[in-house]
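> sequence? don't have it. structure:
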């Protein structure tokens, strides 16, 4: 191999190393554990204080807004019979309501309450409402609710409501 | 009509199958009769898919809810345009739409190359046909858009209100045109490998296809960002969601290829590299489709049909294995004639640009799949979010920006120090002066602001070096032809379309970088609970909450509007009207933001919550500088690409001559 080529290999190697370094430090400083509510509960207090993302379904009727400051919200999320109380400050997405699957990002306090700084809802709401309304359609009864075709998410469309 | 649509899909499948087999046999055994018969299939397949698509569109327009797909994504009251766009609103229709674009491209490739480039085209068409086959199998046997509901309901479920925005009509098709377009260079690359025609012929043949696909993908991403910004009311435009990343990665790799392809054309080197990039671009589009359709990666988007993910995974596996094997087998033939001469050359800047672009793509890829990797190796799902991508990609992106300025002014092959000094003195000093002038005005309190400041300096550097390039060329023409400045400038661009079109694209990219940097770093926001008459301040604006209006728009839509008076220096400049819309039969409102958008900054107002009894409201306001620069950058990129791909007579003549030379090699009998 000619010295010139070696020079280029070393140069390219340096860039690769730099990018690798940025990626590793990026992951160690910003990554968050991802759990469903029951997984988090099974892990006990192990992850208290760590950066977490938790997925669960909002318990019907559990949403409380502080009457003095409507931006302060508390609610509970559940998954496989495990529940987790959550507090959140900020605007809630349009689709945030009981029964909706959400992902919250934040930390678990020693009191067992999850303090979320991000709240994301998934899947458009419209269909749920329509599904119930659909019952009144004579034509849709034989199709059965459990047989309703699964809803697909439109590809690539940013259906996200992050705050 | 539904039966016809369904049957057409089946017919397309059969024809495509015949097409693949007969193209390959005809090519291998040089059978002209078979070739002529195979050569009819691209048009037949396209026509079948078209008929099928028209049938589905008809079902939408006619409110034919006996189709499960139409029922799921439309209803009687839906606007005409959204009925049209609902076609690609869900899984099944979007796959049909994909196939429609793919077969249309195939048909165009066929027509463009009728009895030309016969060393490559039959095999390239066969490759495209194989890919079409995959989608036709899905459409026929897994996600049939013509699936019926036995007893049709009276009305459909309707389209998600978030999708009922004019961007729904523009954004997905744009993105798909780009995404699918990369199939063409892929097919030609595979054809070149299979037939051992490994000179730069395939690169030249697909250069414009790549450029056009790149353009659509770029625009598709920008349109998506704009849609998210306007419609979703979270004040952002890009969230590094897996689905966004899926569209971002092929764009980066294609950008790398567009640059390194030039080196192969000019210097006959980096053949393996270019081949790999083209294959990788296509692989990333399939990978992106796989992750968006499989539900393997937690995204805010939900994906229910996990089985479809496996189809794509299998397809992906086959393509990757096939591509890698093929490249390895042909490795001895992919040796370039030249090698890099010097660090200080345009070639090495291009190489650097490639590494940097791939670095961003890899970081994005790694972040996207990290939850799966960590679960496999550590047993815990670990996710990374926007902070990761920003932390990693921003510094690499800044290097990329600097390279945009350096590349065009550094000489090919080997640059001397005096050449460097001559070319860099002006841009560097202008950037230094610009940086000094900016210094008193920009905040530099944290890392992000310092990065933004550096980005601005780099933007000035790149812009100056581009302007000098234009001035040099214009000056030379003015002297040589005695033309006036404007004539000389337009003549310069027109005579060297791809070069100066490319430079204009670079200027658009500079605007994009500046807009991203400014809006990310200097954004300020406030959330307030307000009663009528309350005031607050943000970013030099005074806001007065004046009243809460409830308007019944029509029988299905009610709007609740918070009226905000906006003052600047004591003078009223605007009345802000952020609102929530309530649709009949739906539990949740749709938030509609209000926006004052200027080149300096956007004032972005959200009505977060309200109390109809007391008229109290919760308002969130962002002041985001320079957002408009991004959208403007997009238009400049569009303009530049348009110039670069505009048909060039000189180039066309060169191509015909080249083609004539090729004719002799594989000649189907003249009819």
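Sure thing, it's come through. Bear in mind the structure is a predicted one, so any value in this text is a computation, not a measurement. Residues are numbered from 1 along each chain as shown, chains lettered A, B, ... in the order given.
> C-alpha from now on. contacts and neighbour counts both.
Fine.
> residue B:286: what's it in contact with?
Neighbouring residues of residue B:286 by CA atoms under 8 Å, 6 or more residues apart in numbering or on different chains: B:312, B:316.
> try it again with 7 Å
Residues near residue B:286 by CA atoms under 7 Å, 6 or more residues apart in numbering or on different chains: residue B:316.
> the residue of the stretch 101-250 of chain B at minimum distance from chain A in helix, strand or coil?
Residue nearest to chain A within the stretch 101-250 of chain B (CA to the nearest CA): residue B:153, separated by 4.4 Å. Classification of residue B:153 using DSSP: H, G, I helix; E, B strand; the rest coil returns coil.
> any idea how far residue B:69 is from it?
With distances taken as CA to CA, to the nearest Å, residue B:153 is found 12 Å from residue B:69.
> and what of residue B:231?
Distance from residue B:231 to residue B:69, counting by CA to CA: 25 Å.
> again with residue B:583
Counting by CA to CA - residue B:583 and residue B:69 are separated by 22 Å.
> higher neighbour count, those two?
residue B:69 (30 against 17; other CA atoms under 10 Å in any protein chain shown).
> what's near enough to touch that one?
With contact taken as CA under 7 Å, 6+ apart, residue B:69 is in contact with residue B:145.
> rerun at 10 Å
By CA atoms under 10 Å, 6 or more residues apart in numbering or on different chains, residue B:69 lies in contact with A:149, A:151, B:56, B:59-60, B:86-87, B:89-93, B:143-149, B:156.
> now do the helices in chain A.
A:3-30, A:37-42, A:126-134 (DSSP state H).
> same for the shortest one, what does it pack against?
Okay, so that is helix A:37-42. strand A:32-36, strand A:52-58, strand A:72-79, strand A:82-89 (3 or more CA pairs under 10 Å, 6 or more residues apart in numbering or on different chains; DSSP states H and E).
> pull out the buried positions in it.
For helix A:37-42, the neighbour count (16 or more other CA atoms under 10 Å in any protein chain shown) marks A:37, A:38, A:40, A:41 as buried.
> and residue B:43, that one's in a strand?
No - under three-state DSSP, residue B:43 sits outside any strand and is assigned helix.
> hang on, the earlier thing: surely the residue of the stretch 101-250 of chain B closest to chain A touches residue B:76?
No - assessed by CA atoms under 10 Å, residue B:153 is found out of contact with residue B:76, at 11.4 Å.
> compare the two (neighbour count), which wins?
Taking other CA under 10 Å, residue B:153 and residue B:76 do not tie; residue B:153 has more neighbours (22 against 19).
> distance check, the more buried one against residue B:575.
Using CA to CA, one gets 45 Å for the distance from residue B:153 to residue B:575.
> that older thread, between the helices of chain A, which gets the lowest average pLDDT?
Among the helices of chain A, helix A:126-134 has the lowest mean pLDDT, at a mean of 33.
> mind listing what the closest residue in space to residue B:428 that isn't next to it in sequence touches?
Take residue B:428 and drop its neighbours on the chain: the residue closest to it by CA to CA, 6 or more residues apart in numbering or on different chains is residue B:461, 6.1 Å away. Neighbour list for residue B:461: B:401-402, B:404-406, B:424, B:426-432, B:434-435, B:455, B:467, B:510 [criterion: CA under 10 Å, 6+ apart].
> buried subset of those residues?
Judged by 16+ other CA under 10 Å, buried ones among those: B:401-402, B:404-406, B:424, B:427-428, B:430-432, B:434-435, B:455, B:510.
> what do residue B:153 and residue B:76 both touch?
Jointly contacting residue B:153 and residue B:76 under the rule CA under 10 Å, 6+ apart are B:64, B:65.
> so what touches stretch B:310-325?
Contacts with stretch B:310-325, where a contact means CA under 10 Å, 6+ apart, come from B:131, B:134-135, B:137-138, B:142, B:186, B:189-190, B:193, B:275-276, B:279-280, B:282-291, B:293-294, B:307, B:309, B:326, B:328-329, B:331.
> in strands, which of these appear?
Assignment to strands by DSSP state E places none of the contacts of stretch B:310-325 there.
> nearest spatial neighbour of the residue nearest to the spatial centre of chain A, skipping sequence neighbours?
Centroid-nearest residue in chain A: residue A:103, 2.2 Å away (criterion: CA atoms, centre = their mean). Excluding the flanking residues, the one nearest residue A:103 by CA to CA, 6+ apart is residue A:55, at 4.4 Å.
> who are the neighbours in contact with that neighbour?
A:34-40, A:77-79, A:101-105, A:120-121, B:298 are the contacts of residue A:55 under CA under 10 Å, 6+ apart.
> could you redo the last one with a cut-off of 7 Å?
Counting by CA under 7 Å, 6+ apart, residue A:55 makes contact with A:35, A:36, A:37, A:102, A:103, A:104.
> of all those residues, which two lie farthest apart?
Largest separation among the contacts of residue A:55 by CA to CA: A:35 and A:102, giving 12.0 Å.
> which one among the contacts of residue A:55 gets closest to chain B?
The closest of those to chain B turns out to be residue A:35 (CA to the nearest CA; 7.1 Å).
> how near is the nearest residue to that closest one once chain neighbours are set aside to chain B?
Nearest residue to residue A:35 in three dimensions, chain neighbours excluded: residue A:54, at 5.0 Å (CA to CA, 6+ apart). According to CA to the nearest CA, to the nearest Å, residue A:54 and chain B sit 11 Å apart.
> in helices, which of the contacts of stretch B:310-325 fall?
Here DSSP H is the test, and the contacts of stretch B:310-325 give B:131, B:134-135, B:137-138, B:186, B:189-190, B:193, B:275-276, B:279-280, B:282-291, B:293-294, B:307, B:309, B:326, B:328-329 as lying in helices.
> now restrict these to buried residues only.
B:131, B:135, B:137-138, B:186, B:189-190, B:193, B:275-276, B:279-280, B:282-291, B:293-294, B:309.
> in chain A, where is pLDDT below threshold?
Scanning chain A for pLDDT under 70 picks out A:1-2, A:122-163.
> rewinding a little: want to throw the helices of chain A into TSV with distance to residue B:9?
Below are those laid out as TSV (distance: least, CA to CA, whole Å):
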stretch	distance to residue B:9
helix A:3-30	45
helix A:37-42	44
helix A:126-134	29
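> can you tell me the element the residue nearest to residue B:428 falls in?
Assigned by DSSP states H and E, residue B:461 falls within helix B:447-481.
> show me what the helix or strand following that helix is packed up against.
Using DSSP H and E, the helix or strand that follows helix B:447-481 in sequence is helix B:485-495. Judged by 3 or more CA pairs under 7 Å, 6 or more residues apart in numbering or on different chains; DSSP states H and E, helix B:485-495 is in contact with helix B:447-481.
> by how many degrees do the helix it packs on and helix B:485-495 diverge?
Relative orientation of helix B:447-481 and helix B:485-495, computed by axes from the mean of the first three to the mean of the last three CA atoms, to 10 degrees: 100 degrees.
> tell me which residues in helix B:447-481 are buried?
By 16+ other CA under 10 Å, the buried positions in helix B:447-481 come out as B:448-449, B:451-453, B:455-466, B:468-470, B:474-475, B:477-478.
> repeat for stretch B:48-67
Under the neighbour-count criterion of 16+ other CA under 10 Å, stretch B:48-67 has B:48-53, B:55-61, B:63-67 buried.
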